[in-house]
Each structure stands twice: as C-alpha cells, then as structure tokens.
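Student: have a look; sequence and predicted model below, questions after that.
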Amino acid sequence: MREITYAQAGLEAIQEEMRRDPKVFYMCTDAIPPLAKEFGTERMRATPIAESTMTGMAIGAAGSGYRPICDWRQVTFCFVAMDQIVNQAAKITYMFGGQQKFPILYRAGVGGGGRLAAQHSQSPYSMFMNMSGLKIILPSTPRDLKGLLKSAIRDNNPVISFEGNRLLQTKGAVPDAEADELIPLGKAEVKREGNDITVVALAWAVHEALAAAEMLAKEGISVEVIDPRTIAPLDAETIKASVMKTGRLLVADEAGPVCGASAEIATLVSEDPATFRKLKAPVKRVCALFVPIPYSPGLEDHVFPNRTKIADGIRAVMAA
Amino acid sequence: MREITYAQAGLEAIQEEMRRDPKVFYMCTDAIPPLAKEFGTERMRATPIAESTMTGMAIGAAGSGYRPICDWRQVTFCFVAMDQIVNQAAKITYMFGGQQKFPILYRAGVGGGGRLAAQHSQSPYSMFMNMSGLKIILPSTPRDLKGLLKSAIRDNNPVISFEGNRLLQTKGAVPDAEADELIPLGKAEVKREGNDITVVALAWAVHEALAAAEMLAKEGISVEVIDPRTIAPLDAETIKASVMKTGRLLVADEAGPVCGASAEIATLVSEDPATFRKLKAPVKRVCALFVPIPYSPGLEDHVFPNRTKIADGIRAVMAA
Amino acid sequence: MPLGPNTLREMLHTMQTIRRFEERASADYHAGKIYGVVHCYIGEEAIAVGVCGALRDGDQIISTHRGHGHCIAKGADLDRMMAELYGRRDGYCKGKGGSMHIADFEKGMLGANGIVAGGISIVTGAALAAKLDGKGGVAVSFFGDGASAAGPIHECMNIAAAWKLPIIYVCENNQYAAQTPASTTIARQGEIVHRAAGYGIPGVAIDGNDIFAVHAAAEEAVARARAGEGPTLIEARTYRWRAHTERAGQPDYRPKDEIEGWKSPDRDPIARLVAHLKRDGHLTDAEFEAMDRQVLDAIERSCAFAEKSPFPAPDDALDDVFAA
Amino acid sequence: MPLGPNTLREMLHTMQTIRRFEERASADYHAGKIYGVVHCYIGEEAIAVGVCGALRDGDQIISTHRGHGHCIAKGADLDRMMAELYGRRDGYCKGKGGSMHIADFEKGMLGANGIVAGGISIVTGAALAAKLDGKGGVAVSFFGDGASAAGPIHECMNIAAAWKLPIIYVCENNQYAAQTPASTTIARQGEIVHRAAGYGIPGVAIDGNDIFAVHAAAEEAVARARAGEGPTLIEARTYRWRAHTERAGQPDYRPKDEIEGWKSPDRDPIARLVAHLKRDGHLTDAEFEAMDRQVLDAIERSCAFAEKSPFPAPDDALDDVFAA
Ligand SMILES: Cc1ncc(C[n+]2csc(CCOP(=O)(O)OP(=O)(O)O)c2C)c(N)n1
Ligand SMILES: Cc1ncc(C[n+]2csc(CCOP(=O)(O)OP(=O)(O)O)c2C)c(N)n1
Ligand SMILES: [Mg+2]
Ligand SMILES: [Mg+2]
C-alpha cells in the first residue's frame, strides 16, 4: 500500500466522494486549491467568514437534497456557529419527527502543539459528545481518516470529523481509490494487543500511547492500545472486552480531563458491573492539565500529555 | 427564617448586590420589572436579541471596571454567544497573563419538564465545565441560589449561574437582607446524611434524590445526598469523603449522561485509589436518556429521571 | 399581476383559517390540551398569506417561533398540525416537536424554530440548493424585528447578495420583541428596511396588514429571485394582537390603546380584505359567514383528528435521533 | 485640527516603528525565536497611527489577529511586546499569549484576538462603560473586511446606534480575508461603508494609506462620540504587503503586480508621509535616516530585553486561570 500523509488522505476522501456523487459540495472560508481546480467554484465554495451561516446553510442544503461538507478549519471557529450545531443540526432530525434526512459533514482541526495559544489549541470534542444527535469521528491515522470520512459523507446525518492538527504531516499506508475503503462509523480498533492494561487513546494520543507501550514492553508490561476512532457513538463493547481481559484502564487524551471523553470512557467501565468487578486498579486519565493552552513552548509542552506521561501513568496503574 | 421562592431569592440577590455596588448593572433581552423600577434603564438594560454581543459587552465592561450581569434567560440562547464564552470570557484572564480582572455573572435557566421540546429543555452544563477558566454554580434551593449569586457577583472572574427551570416556584427558607449571607463558591453541601450510599445530585435532582432517600429509609437503606452546588470547581473532597464512608456512588442529574457532570463525578471516585478501594459496587448514573428532549408529555416524562428511577438505581447499586 | 377575486377569496380563507386555528389553539392551550408554549400570529396574517401567495410548489420557506401562520399559508395540513400541538403520534413531528417545531418538508415548509434568527441561514442554504438545482426555485425567510438585531440576517444578506441567491428576507416588524419595543433596541427607531443598502439589494417597507401591498412586494421580489438577480429585503409593518406567548398570567406591557388601535377594522388585515371584497361586490356578509363556518368546521375536524390520534408510546422517545 | 509638523513626525516615527518591529518579528519568527503564528500589518500603518492619533489617554481600542500595529500606535511598550513574542516571562502576557493575544489594559489596548470579529462586542462593552462613566471616553474597534461578513459588527453597530455609544468602528479593508478576495464574498464588490446606513450612523470611506485622511475621519468620529452622538463606521481602504501569515511555505495567491503596485512610493503610507514632510520642508533624508536608526535601535533593545527575560517556569502554566 502507498504511504500518504493524513492531510492527503483527507483530501482524497473528499475528492473521491465528490467525484462519486454530484450532490456533494464543499464550503470553507478559503478555497482548497485542488478542489477548486477539479470541481470549480460552484462545488468548492469559498465563503465569507461567517461560520454560523455556513453551518446553517449546510443544514438547509442537506434538507434540500444535497450532501454538503462544511469545513470550519479549526474547531475554535465553530463556536460562532454553536447555535446552529447544538440547537439546529443536532436536533433537527428528531424535532421534526424524522421527516427529513440531513446528510452533512462538518470538519474541524483539533489539538495543540503549534504554539498557537489558548484560542487556537483546543480539543473540545466532549462538548459535542455531550449532546445527542451528532455522530463524531476522531481518526488517528491516514487510513482511518480516509475511510471514516468516506463513510461520514455517505451517512444520512450530521457527522463531525475532528482531525488532529498534530497529525497532518504524519504518514501511513492507505488503500487507493479503487479499493473505495469505507471504515464504519462506531467501530473502535485495537491498535496494539496486550494483556496487562487497556489504554484507550484518542487521535494524536494514540501514537503517544503506542510509543509508551513500546517502551513498557521492555519493562515487561503488556499494553493494549484501543483507538475508538468514532467517539459518538462510542464503541463501548470493544473497550469493555479489553478491560475484561486486562482489568486495568487508562485513557490518554490531548484534551483536558473535566467532563471529557476520558471521563466518559472511564465511567463506561466503572459503571458496568462486569468490567467493574474485573478492575484490579483505579482507572486513570492522562490528559492535558486543566488550563487554557499557553503560548510559550515550555509552558505548552508542560500542559500536554505525551508518551512519557502516559508511560508514567501506566506504571502508576500497574503499581496501584 | 422567611420562606421565599427560588425565583424571588435570585431577584433579591441581584437587588442587594446592585444596591451595595453601583458598578453592578444588568443586561437581558427583556427588562426585569422590579430591577427597572428600582434601578432605572441605565442599570437594568433591556438589550436587543443579540446574546453574543451582550456576552462580549459584559467582558468589555468588566475589563473597564464594571461588574456586569448578563442574563441569557435560557441556556439555549447562549449558544449564539458561545464564541464569546469559550474563546473570550473563559480564556481572557489567562491569555493576557492576568493583567486584568473580569468580574462577570452570566445567568441561564436549565432543565426540562415544561413540554418545551428539544431546544428549550437543555441542561448542557458539562459543556461549560469542560473548559477551564469559568466558575459555575448550579444551586438547588432558594437559599443556595441567593448566597451563591451574591458570591458570584463579588467574584473577580466570569461565573455562570445555571438555574433550574423546574425550581423557580419552589420555596425554601432564606435569610433576609441584613444577614448578607454569602455561600462560598466551590463548597458542596451534604443535604442529607446517610451511610449506605452516596448520591450526588444536581439542581432539581437534589429534591428527587431526597425524596428517593426518604422512600428508601423505609426499606432500611440509608442514603447520603450531596449537592455540589458549585460544579466548577467541583468540591471533590466532600464527595470523596462521603464515598469513603458509604463505599457506593450514584449520580443523579437531569442532564444526559454522556461526558456529563455525572461522568466527571463518577470518574473522580473511580480514579482516586483511596475511594476506588472503598467501592463496594459499580458507580451508577441516573440521568436523562440520551436523546433530544421531546415535546409530548408522556415522551418527556419518559426521558427524564425522577425519584422513582433514582430509587431503583439505588436499589440496583445496593444489590450489585 | 393584479389579484383576481377568486384568488383574493382564497387568500381570505387562508387568513381566516390562521386566525381561527390560533383562537382554537390558544383555547385548547388554556384548557390543558396543548402544552408548553404557543405564540399566536393573529393580526399578522396578511404577511404569510401575501408572501406565500407569490410562491409556487417547490419553493421553500422557513418560519420562526410564531409559526402556525406560515405553515398554513404554505399549505400544511391542519389535522397534522393540530395533532402535533396535541402531542400525538399523527402530528407532523410525531409529538416530538410541538408548536415551536412544526415543519412540512414536502410542502417546502422548513420548520418553525425556537431560536430567534435560528432559521435564517438554514433557508439561505435551501436557496443555495435551489440555485444549484437551476430550476428557478425560490426561498423565503420570515423573521421578526427582534431577529433583525442578531447577526444571522446580516451574514445571510451578505452571502445571498454576493452569491445572488434566490431568496427573500421578510421581516415581520410587529414592533416588539417579547416585551421590548423595537424603538429602544433597534437603530433608526426600529426601522429595518435600511439594512438592505449595506448589501446593495432592494429594500421595501410595506404595510404588512395590507394583503395587496404584501403580495405585490413579494411578487416583485420573487420575480427578481427567479431571474437570478438575487435577494430582496421586505419589511412588513404589523402588530401582534395577543400577548407574546399564551402562558397563563403572562403580563403584556404594551399600551392598551395601542393594542386596541391595531384591532380596529381599518387596520385588521382580515377586516380590510373583507371590506375590499365587499366594496367591489366580490363578497357578501353571508358568503363570509359561510366561509368562516367552513373554516371553523375544518378546525373542528382537525381537533377531532388530533383527539383520536394516540399519544406516542414512551419508548418512541428513542426513535428519530438519527436517520437511517 | 490640521496636523503640525511635530505631530506628523511623531506619527511617522510610530509608523516606521510598526514596520521595523514587524520586519524584525518576521525575521525572528523564521529564525525560530518567535513561535506559532505572526500576522504582519506592514502597508497598513497609517490606519492604526491615524486613528490612535485622534485618541487620548483613557480611550480604549481593540485589535484583531493582526495586532502589533494597533499596540504600538496605542503606546504599548516595545520591550514587553517583543518579550511576549519571544515567549518570555516579561512579556505582556508572561508568555501565555504570543502575537495573537497582546494586550495592555493600562494603555487602553484591550487586546489582539485570534477570532475574526471576536473583539468587536468586547470593545463595544468598553464603550458602554465609557458612557456610564460619563467622562467623555471613546472606544475604537478595528476589524477587517473579512470580519465585516460576520454577525458581530452588525449586532454591535445596531446596539451602539440605538444606545448612542461612544465608539468608532474602523474597518481595515485590505481586500482579502486570508486567500479570499473580498469582491467574491462581500456584497457591493467588497465595499463595507454602505452598512452604516442600516443603522443611521455616519459611514466614511477613506484612503487608508493616507494618514491625513485617516486622521481627519477619526477626529470627526471621535468628536461625535465624545459629544454623545454615537458611533461612526470608517472604512479605510488599504493593502497588506506580506502574506496572510508568516508561516513558512505559505502560498500567496494574490496577483504579483497587485502586490507590487501597492508597495510603490505613491501608495506606501510611509513613503507618502515622508514625501509630504520633505515637500513642505519638515524633513530631510538625513533626518529620516536618523529617525529610522532610532527606531531600529529601539527594536534592537527590545530584542535584547526579550532575550534576557527568562522563559516562564513550566508550573507557571497553572497560574492566571482565575484572578484573585
Ligand atoms: C437567540 C434567542 N434569544 C432569545 C429568545 C427568547 N425569545 C423568544 S421570542 C423572542 C422575541 C422575538 O421577537 P421578534 O423577532 O420581533 O418576533 P415576534 O415574537 O415579535 O414575532 C425572544 C426574545 C430566543 N428564542 N432565541
Ligand atoms: C471566526 C474565525 N474564522 C476563521 C478564522 C481564520 N482566519 C484568521 S485571519 C482570517 C482572515 C481575516 O480577514 P480580515 O478580517 O479581512 O483581516 P486581515 O487578515 O485581512 O487583516 C481568517 C479567515 C478566524 N480566526 N476566526
Ligand atoms: Mg417582533
Ligand atoms: Mg482583510
């Protein structure tokens, strides 16, 4: 298989789906050059800086038979559109009794590491998980991104794709266009098998967790790394099955801990009598410190988790 | 002590603080008649329907020496202001290195039960807990509301007061103006002592949990009911101390479970080695079903938790 | 195109249907058969009917929290509307939406909306779809004077003007947002039409209680939109007869004589149309009474339909979160 | 009030400081001493300097993502600015903010802002505070042509007009939002001044590269605001010389000759002011060179100051989330 970047994989997914289905079109505050070139300005629409309106227009276009893609660029910018997300997109299918379908893909970059300070380094996915009515993907590899985006575009509901800013230039094997690989929404992947502890990791943290697992293998600790890939709905079964085997859970996430995806995953395991009874140690979250993200490199690095902190966390759980 | 309603207690807090401090003023899309009467239209400002602007203006006025109160009315309406909340109010103190204080009180109604359907029946407090930089109160009684609002107005940071729609007409004892009672932010209250199980309940659910506790007392189950009152920062100590005693935890909340305050509270207990070791049973959330809130009474009632469901949940934990 | 007597009688019928429907909805609300909140459109009927009268099938509209009038004017079914208000299974939203969320996508009615200004961008997206379809479809966004203070109408007028979208923005200026007079919160003493200039689109202020004025302005705007010339802003001046919502004990701070003045026959949009038709010999008192009886019968039938429809089963609450 | 030669030389000094500061910031960014993102204001200096020249101490401004020019024009300290860019403890934000978040509340500079249109309502709140204070204070909101498409400017112009707030909305129309030309996304071919009519406030379009025009428009708007007559919208037409951001490998899709044209001496705001002063005999080449050396020295000192300031300790990340 070819190796391509995460950014390229995302672009290919869009291109293939736009070729396949003329109802798919794309909105973003700047045109994406290869899309503008191939599909013209009618289907690659550069919009004014009005994310609220883009987000709402996507709903109206979807309700009128189109399959719009609305690219917020950074999750930060979608907060001006939050009414359209929370009060409209997430609820419209339900409020109207299912009389219409709203196939929409929203895309947004998440995560820090770019020395961009508090506003531009956010990972607030759990705010979106908190409400029902949205499907949410959070892919960690080029292959997952491409396959999940393709599924998301074909889904008949609003789907948000949160894409890790730190991952854009990472490379990985991706099947080519002929394969038309769809990765189903709602299916986690065991990214590494192990027996001593389950690490559920999200997006960029998947790679850090895998690195930590590698380090710990040398210490004789066998780490299972699970990547939910879709965070709404969460694949609780795969996570729980792993914990039934390992009896230990750590969640690694670049987002802050409070009411995070990490809290949800931890609770899934501690509220299920079966997994609870298997727990040999307290659950643990290795997340960002609970502060806005600071600019200066030393500060920013201090705030975010990384492979070392994940490894320390794993050791702590093993020792508890 | 006098008995007054929750709504009246809220009003008194505002009136007393506006009398005390001329820098306090109030913005809302409709004037609140007693405030308009007493303080005039300069300090009780009826605004256009532009919650985003109200929210931002509060930040600017606070940074210029005022102590604005910005009443969103229903939490639903503040989603149009989410950029100002997430990207500005919550981060401004930090981003600017603490060079200025931003004393702001935001108020919003939360909760369902009014047959108002999905948009007007929301309890999304955990979305706000997810980010650092905000203090958040969620009072369940008239006394707590009044005392916490007064503290919030005197705090030098953005504070959100989420006020239960179902509680507005409930009555309770409240000290009068001379007492000038301040209830400190960040302190939970044990609303009922018990030994067998800790129920952490939020807002309206506090009353339902107390009713459930009463029922279960007759079955010989001794329930401790804790009301965090402030949900950011959460008083983890009081909750954990209770679980150290009871060894069981149930969280009752009108909000949905996913990435909720309930998940956070459950995780606090299952990730702390001390409380984890004391747990005799899995933690449990009794929350709204994970759907948008429907209109028709039978549907709405089915979706929300209540004393019966809480009591059932407690029995299940006791039996686990 | 001047309106012929048949068309005018149909319009009158629709206006009267809106009024009677809401009189009943409000009575049934206070009787406890309808829940939550009901916002009545009574007094403003000429706007919905005049504008929708300029549309054809396949055109799309979006409404506000005050949505019954727009639904009825766009041809929604009274039975399913009333069943929704009653919270029943056969309602437009299977009892999930209630008054603030009635929609009929088949009729091109994209929904009432509980959020002030919340629908404007959605219907602007429908206008984009119409443009992409290239079949001459047109969209209409109804919104209030209160909504004119919020960002969406401006974002949308800008994008619709820049992209020449086939859409008409119809501001129903009833001079109040809940209790707050537009004159205190909206620049230019509450006049909204001037906003059009900022986007280089036509802006028309009309008497919203004059069905002829409304219809003429709408026809012109629709023709423009169909011709690919872009959006128009129409400000229709009007007044709501009833309190902001039907909630019991809800005060109404508007001056009593102001309210009464707007109810007078020379300002009531229905009385004005009746008088016009009578003056021209196209309607008699008896005919109007018969029409009203017809209307009342239809509404009575819708209530019977609603009563007969079962409440949804509790577990139905779990359906429709996602489409298949 | 016509600008005297001393004032003009001071303004020139400030404009040159902005330009040299950013040349250095961009060099140090590419050298890896400054992190994240830097948006340069070069080519637009006359706007910040002309507007701030019409203000007095205690007046307040808010900036955008392109904030250095506004900071310097409002009197911010170069040392603390540069230290912030370098991520150091003595920076304005103790290294927590960086280029997009420099603020100096003591000087009335309420901050740069990473969110397009994010600051407009904040500074409108400062204008409300000024009005409540009753001391004649004035506020200024700088924003871009891109920001004109977003809701906040409209919500704020409406409320400021309705409440007669002492504020000036200054649109820096450099004709692009990142890569997107205003002519494709902003109605009226990208002209923003027309929006003022919607709110019944004065709207003035000026050559933003002409310090005299900018200053005159600002003086008039400030006088109006101080007199309690409410807001003004100023559209200052200008151009940015550099790419949208300093990111390496960032393409710039604007036509090359367009960019070069705006750099010509008859359009460069600094060259134009220099020429004017020279023509009137108020500046010689040698004097300007001396001024430039002074400016470069000050910037050199700011870099030295920044270099000497320590990086914050990792645990400092936990401070300043809340004020005491
Ligand atoms: C964003 C938002 N803010 C506040 C409300 C509460 N609210 C409901 S209707 C209304 C007044 C709307 O006024 P207008 O737009 O003039 O419509 P009208 O009711 O007069 O028809 C308000 C403030 C809301 N629904 N949405
Ligand atoms: C709400 C929001 N959307 C998108 C962005 C990304 N962004 C940063 S600057 C910019 C262009 C701004 O254009 P303009 O307002 O004209 O200011 P200029 O950069 O030209 O000075 C964009 C789209 C943002 N920061 N905020
Ligand atoms: Mg109104
Ligand atoms: Mg620009």
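Tutor: Sure thing, it's come through. Ligands and ions are numbered 1, 2, ... in the order given.
Student: you'd agree A:Arg154 is up against A:Asp180?
Tutor: No - applying Cβ atoms under 8 Å, one finds A:Arg154 not in contact with A:Asp180, separated by 10.7 Å. The C-beta positions use only the backbone N, C-alpha and C, and glycine is treated the same way.
Student: ok, these two, which is more surrounded?
Tutor: A:Arg154 (17 against 12; other Cβ atoms under 10 Å in any protein chain shown).
Student: mind listing what the more buried one touches?
Tutor: A:17, A:103, A:182 (Cβ atoms under 8 Å, 6 or more residues apart in numbering or on different chains).
Student: tell me, how many residues neighbour the second one?
Tutor: By that I understand A:Pro103. A:Pro103: 25 surrounding residues under other Cβ under 10 Å.
Student: state the distance from it to A:Met44.
Tutor: The spacing between A:Pro103 and A:Met44, counted by Cβ to Cβ, to the nearest Å, is 18 Å.
Student: please apply the same query to the last one.
Tutor: From A:Leu182 across to A:Met44, the span is 23 Å (Cβ to Cβ).
Student: more crowded one of those two?
Tutor: More neighbours surround A:Met44 than the other of A:Leu182 and A:Met44, with 22 against 16 (other Cβ under 10 Å).
Student: correct me, but that one touches A:Leu35?
Tutor: Yes - the pair A:Met44 and A:Leu35 qualifies as a contact (Cβ under 8 Å) at a distance of 4.0 Å.
Student: which one is residue 232 nearest to, not counting chain neighbours?
Tutor: With no chain named, the answer covers chain A. Nearest non-adjacent residue to A:Ala232, counting by Cβ to Cβ, 6 or more residues apart in numbering or on different chains: A:Ile136, 4.0 Å away.
Student: looking at chain C here, not the other one
Tutor: C:Ala221 (3.6 Å).
Student: now that neighbour: which helix or strand?
Tutor: helix C:211-226 (DSSP states H and E).
Student: next one: that helix to chain centre, how far?
Tutor: 16 Å (Cα atoms, centre = their mean, to the nearest Å).
Student: right, and the helix or strand after it?
Tutor: strand C:232-237.
Student: name the helices or strands packed onto that next one?
Tutor: Counting contacts by 3 or more Cβ pairs under 8 Å, 6 or more residues apart in numbering or on different chains; DSSP states H and E, strand C:232-237 packs against helix C:45-52, strand C:167-173, strand C:203-207, helix C:211-226.
Student: out of the ones you listed, which is closest to D:Gly261?
Tutor: Smallest distance to D:Gly261 across the helices and strands packed on strand C:232-237 (Cβ to Cβ): 36.0 Å, for strand C:203-207.
Student: compute the inter-axis angle for that closest one and strand C:232-237.
Tutor: Here strand C:203-207 runs at an angle of 30 degrees relative to strand C:232-237 (axes from the mean of the first three to the mean of the last three Cα atoms, to 10 degrees).
Student: skipping adjacent residues, who's closest to the residue of the stretch 1-150 of chain C found nearest chain D in space?
Tutor: Across the stretch 1-150 of chain C, no residue is closer to chain D than C:Ala149, which sits at 5.3 Å (Cβ to the nearest Cβ). The spatially closest residue to C:Ala149, leaving aside those adjacent along the chain, is B:Pro48, at 3.3 Å (Cβ to Cβ, 6+ apart).
Student: hmm, C:Ser183 and that neighbour touching each other?
Tutor: No - assessed by Cβ under 8 Å, B:Pro48 is found out of contact with C:Ser183, at 11.5 Å.
Student: those two: which is more packed in?
Tutor: Higher neighbour count among B:Pro48 and C:Ser183: B:Pro48, with 26 against 14, using other Cβ under 10 Å.
Student: what's the separation between that one and A:Lys245?
Tutor: 58 Å.
Student: also C:Val140?
Tutor: Distance from C:Val140 to A:Lys245, by Cβ to Cβ: 59 Å.
Student: kindly report the same for C:Leu55.
Tutor: 62 Å.
Student: of these two, which one has the most company?
Tutor: Under the neighbour definition other Cβ under 10 Å, C:Leu55 and A:Lys245 were set side by side, and C:Leu55 has more, 22 against 15.
Student: which SS class is the more buried one?
Tutor: coil (DSSP: H, G, I helix; E, B strand; the rest coil).
Student: now do it, the pLDDT please.
Tutor: pLDDT recorded at C:Leu55 is 98.
Student: contacts only, for it.
Tutor: C:61, C:74, C:108, C:138, C:140, C:218, C:222.
Student: so which of these wins on neighbours?
Tutor: Neighbour max across the contacts of C:Leu55 (other Cβ under 10 Å) = C:Val140, 31 neighbours.
Student: hang on, that one packs against C:Ile168?
Tutor: Yes - contact criterion Cβ under 8 Å: C:Val140 and C:Ile168 qualify, at 4.9 Å.
Student: who touches both of the two?
Tutor: C:Val51.
Student: quick one: contacts for A:Pro158?
Tutor: Contacts of A:Pro158 by Cβ under 8 Å, 6+ apart are A:59, A:62, A:89-90, A:102-104, A:106, A:133-135.
Student: that older thread, now the residue of the stretch 1-150 of chain C closest to chain D: how far from ligand 2?
Tutor: Look at C:Ala149 and ligand 2: by Cβ to the nearest ligand atom, to the nearest Å, they are 20 Å apart.
Student: who are the contact partners of that residue?
Tutor: Contacts of C:Ala149 by Cβ under 8 Å, 6+ apart are B:48-50, C:177, C:185-186, D:155, D:158-159.
Student: switch those residues over to CSV; also include distance to D:Gly87.
Tutor: Conversion of the contacts of C:Ala149 to CSV gives the following (distance: Cβ to Cβ, whole Å):
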residue, distance to D:Gly87
B:Pro48, 41
B:Ile49, 41
B:Ala50, 37
C:Ala177, 47
C:Thr185, 44
C:Ile186, 46
D:Glu155, 35
D:Asn158, 40
D:Ile159, 37
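Student: what about ligand 4: which of the residues you listed touch it?
Tutor: When contact is defined as Cβ under 5 Å from the ion, those do not meet ligand 4 at all.
Student: just the buried ones from these, in ChimeraX syntax?
Tutor: Buried residues among the contacts of C:Ala149 (16 or more other Cβ atoms under 10 Å in any protein chain shown), as a ChimeraX selection:
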select /B:48,49,50 /C:177,185,186 /D:155,158,159
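Student: quickly name whichever of the contacts of C:Ala149 is closest to ligand 2.
Tutor: D:Glu155 (14.4 Å; Cβ to the nearest ligand atom).
Student: still on that earlier bit, the contacts of A:Pro158 in strands, which ones?
Tutor: Counting by DSSP state E, these place A:104, A:106, A:135 in strands.
Student: now the second one: how far from C:Ser121?
Tutor: Counting by Cβ to Cβ, the separation of A:Tyr106 from C:Ser121 is 14 Å.
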